[in-house]
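# Just to be clear, the model below is a prediction. Sequence and coordinates:
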Amino acid sequence: MSIGFVPCSVIPVYNHEGTVARVLEAVRAAGLPCFLVDDGSRPECARELARLAARTERTRLLRLPENRGKGHAVMVGFEAAAAQGFTHVLQVDADGQHSLEDIPRLIDDARDHPDALVCGRPIFDASMPAVRRYGRYLTHALVWLETLSLDIPDSLCGFRVYPLRAVMKLVREEHIGARMDFDVEILVRLYWRHVPLRWLSTRVVYPLDGISHFRLLRDNARMVGLQLRLLSGMLWRLPALVSRKLA
């Protein structure tokens, strides 16, 4: 570990008691301390998280009394990591969709580029539902408009290594969406702040028995609100974005 690079991991968990143990095992195998953030899970999941935290070295369990959303859980993990002196946070979802064998690659790249946000660029297989694929395309197109660039090939993958200094400054100065809008909003706003982005290809699968917490009406309405906020933010940043584009 290089001086000035002290990574850990944050795993937000909401009712993924069947998959979180494997995710935690991969994180710890990579040598990362872990913050498990229980986002108001049901009792079965809460018990599993307590068991894992009790038996797994350098793992801390943070419990939220009610479900507040993935983004809120991740930001609680960020706060705890920053308070303990960590400089970088690997965010990985608890549902097992990410290629956990790629964790060392992301960490090594973040070590080599400590000021950058290192993002997984997903490669999907046939398990991806068609409605998810089309929805991603629409989101990506809006993000390209909001940044006036193609520098963000994927804004939805929650497999990233965040530089905590830049992230904590952002979350303390601006509102960031607390639910399904989190991954998109924090990425666009960090881009607006000139945080370098790096992309590593990684496989993503959709298990047939996987649990989705996406709520069609509520979360689509939330995403519409997010895009309106970002488009509004893009308009007053337009001169700076055009200048950046020309440069």
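Nice, I can see it.
# Okay, now the unreliable bits of the chain?
Per-residue confidence for the chain (pLDDT under 70) gives these ranges: 1-3, 126-134, 207-220.
# Would you quantify the distance from the most centrally placed residue in it to S232?
Nearest residue to the geometric centre of the chain (CA atoms, centre = their mean): G158, 3.5 Å. For G158, the distance to S232 (CB to CB, to the nearest Å) stands at 25 Å. C-beta here means a position set from N, CA and C on the backbone, and glycine is covered the same way.
# Equivalent analysis for R222, please.
Counting by CB to CB - R222 and S232 are separated by 16 Å.
# out of those two, which sits in the busier spot?
Neighbour count, other CB atoms under 10 Å: between R222 and S232, R222 has more, with 17 against 11.
# right, and the more buried one touches M180 too?
Yes. Applying CB atoms under 8 Å, one finds R222 in contact with M180, separated by 6.2 Å.
# where do the strands sit along the protein?
Remark: strands assigned in the chain by DSSP state E are 7-13, 34-39, 59-64, 88-91, 117-124, 160-163, 197-204.
# buried ones in the fifth one?
What that stands for is strand 117-124. For strand 117-124, burial by neighbour count (16 or more other CB atoms under 10 Å) applies to L117, V118, C119, G120, P122.
# Next up, the contacts around A53.
Residues near A53 by CB atoms under 8 Å, 6 or more residues apart in numbering: L36, T59, R60, L61.
# same thing but at 10 Å, please
Contact analysis of A53 by CB atoms under 10 Å, 6 or more residues apart in numbering lists L24, C34, F35, L36, D38, T59, R60, L61, L62, R63.
# how near is it to V76?
In terms of CB to CB, A53 sits 15 Å off from V76.
# Now that we have the contacts of A53, which of them are buried?
The neighbour-count test (16+ other CB under 10 Å) marks L24, C34, F35, L36, D38, T59, R60, L61, L62 as buried among those.
# Thanks again, I'm all set now.
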